[in-house]
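# Build the 3D model from these lines:
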Amino acid sequence: MTRGAMKSRKEAVMCLTCGCMQAHLQMGEHNIRFEDVKAAAEENGRSVAETIEIIDKTWAQDRADHPQEYAAQ
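Just a heads-up that it's a prediction; the model follows:
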């Protein structure tokens, strides 16, 4: 992975759900923070990077299996 790709990858994963670009802020009850992903990674004996890759793969599979859930509203 090139340095530019790594930078864009980091930028893409840092703001996990709300778009604030602050991975550690608590932004309501249901937004996902970096600490949530880190805790899940530790529970599963994986790194944060591996966990994010798993999330990406699972999302892609779920989108293929349930496209209606991802349709524009």
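# Flag every buried residue along stretch 24-38.
33-34, 37 (16 or more other CB atoms under 10 Å). Any C-beta I mention is one placed from the backbone N, CA and C, and that applies to glycine too.
# same question, stretch 39-47
Buried-residue list, stretch 39-47, by 16+ other CB under 10 Å: residue 41.
# what residues does that stretch touch?
Outside stretch 39-47, the residues that touch it by CB atoms under 8 Å, 6 or more residues apart in numbering are 48, 50-51, 54.
# Out of those, which sit inside helices?
48, 50-51, 54 (DSSP state H).
# returning to what we had before: the buried residues of stretch 24-38 in helices, which ones?
Per DSSP H, helices hold the following members of those: 34, 37.
# ok, which stretches of this protein are helices?
So, for the chain - with DSSP H - the helices run 3-14, 34-43, 48-65.
# Can you spell out which helices and strands pack onto the last one?
Pointing back at helix 48-65 there. Counting contacts by 3 or more CB pairs under 8 Å, 6 or more residues apart in numbering; DSSP states H and E, helix 48-65 packs against helix 34-43.
# Just the angle for the helix it packs on relative to helix 48-65, thanks.
For helix 34-43 against helix 48-65, the angle by axes from the mean of the first three to the mean of the last three CA atoms, to 10 degrees is 100 degrees.
# For helix 34-43, give the mean pLDDT please.
Across helix 34-43, pLDDT averages out at 95.
# Make 210 the starting number, not 1.
Okay, residue one is now 210; in that scheme the one you just asked about reads as helix 243-252.
# most neighbours, which of the contacts of stretch 248-256?
Neighbour counts for those (other CB atoms under 10 Å) peak at residue 260, which has 18 neighbours.
# Show the contacting residues for that one.
For residue 260, the contact set (CB under 8 Å, 6+ apart) comprises 246, 249-250, 253.
# Now flag whichever of these is closest to residue 279.
Nearest to residue 279, judged by CB to CB, of the contacts of residue 260 is residue 246 at 20.9 Å.
# residues near residue 225, how many?
Neighbours around residue 225, by other CB under 10 Å: 20.
# hang on, it packs against residue 244?
No - taking contacts as CB atoms under 8 Å, residue 225 lies outside contact range of residue 244: 10.0 Å.
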